[in-house]
Each structure stands twice: as C-alpha cells, then as structure tokens.
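**Q** I need the structure of the sequence given here:
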Amino acid sequence: MAQEADVVVLGMGPGGEHVAGRLADAGVDVIGVEAELVGGECPYWACIPSKMMIRAGNLLAEARRIPGMAGRVEARPDFGPVAARIRDEATTDWDDKIAADRFTGKGGRLVRG
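**A** Numbers count the residues shown, from 1 in each chain. Here you go, the predicted structure:
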C-alpha cells in the first residue's frame, strides 16, 4: 500500500521523533517510520534504564560507607525493585503507545517497519 506525504522521517528515536513532531505541529504531512519503539534506545534500553541501575548501585556503595562514618547498616543487593521500576515507571513495560499517540495526535502518521 503506497502512501504519499510531504516528508518521511526514517527512525523515530529522539531526533526523528522531535523533527517529525515539529513538522506535524507545523501542519506538514509527515510519516514517521520506526521499526522498534517510538523514542528510540534512550528511554527503553539505554539512557534512562541505565541511570536507574547506576543510581541503585551508587546507593549500595554509599550504604557500605556508613559503618566507618556514622553507625551500622545492613545492605543486601536486590535489583528486583530496580527492574520493576524500569519496567513499570520508566518504560511502561516497553510500550511506546504514549509516544506514538503524542506523534499521531499532532497529525503525523506512524508506520512500523
């Protein structure tokens, strides 16, 4: 099925999502093409989840310093809560519906592929 548009944006990662959204806001007929998730690697696999894991590791490292500084503490690593936060809060279980709806709500057309 052939589609026509003024602009086709290949890849709806952070840059593509921004450009395609701005064009759609401006009334340009734009198609955004994405094979994975709208928003790209950063929100789902890279930047945001990794920062959440690093922060948890830093908290554990800091807790281990308490005995020499300010008392006693027991800290045992458990990354289950971190994984749950990534799944539930950061990535919405790797569902890009919010990002996809944000783009199509501006008048853009999203094509998966």
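**Q** list the contacts for T91?
**A** Residues in contact with T91 (Cβ atoms under 8 Å, 6 or more residues apart in numbering) are P43, Y44, I48, P49. Where you see a C-beta, it was placed from the backbone N, CA and C, and this is true even at glycine.
**Q** and of those, the nearest to G105?
**A** P43 (18.0 Å; Cβ to Cβ).
**Q** the closest one and I86 touch, don't they?
**A** No: using Cβ atoms under 8 Å as the test, P43 is too far from I86 to be in contact (10.4 Å).
**Q** check contacts around the residue positioned nearest the centre of the chain.
**A** Nearest to the mean C-alpha position of the chain, counting by Cα atoms, centre = their mean, stands P43 at 1.5 Å. P43 makes contacts with L37, A90, T91, A99, as judged by Cβ under 8 Å, 6+ apart.
**Q** for the longest helix seen in the chain, packing partners?
**A** Ordering each helix of the chain by length in residues (DSSP state H) puts helix 47-63 first. Helix 47-63 sits against helix 80-85, with contacts defined as 3 or more Cβ pairs under 8 Å, 6 or more residues apart in numbering; DSSP states H and E.
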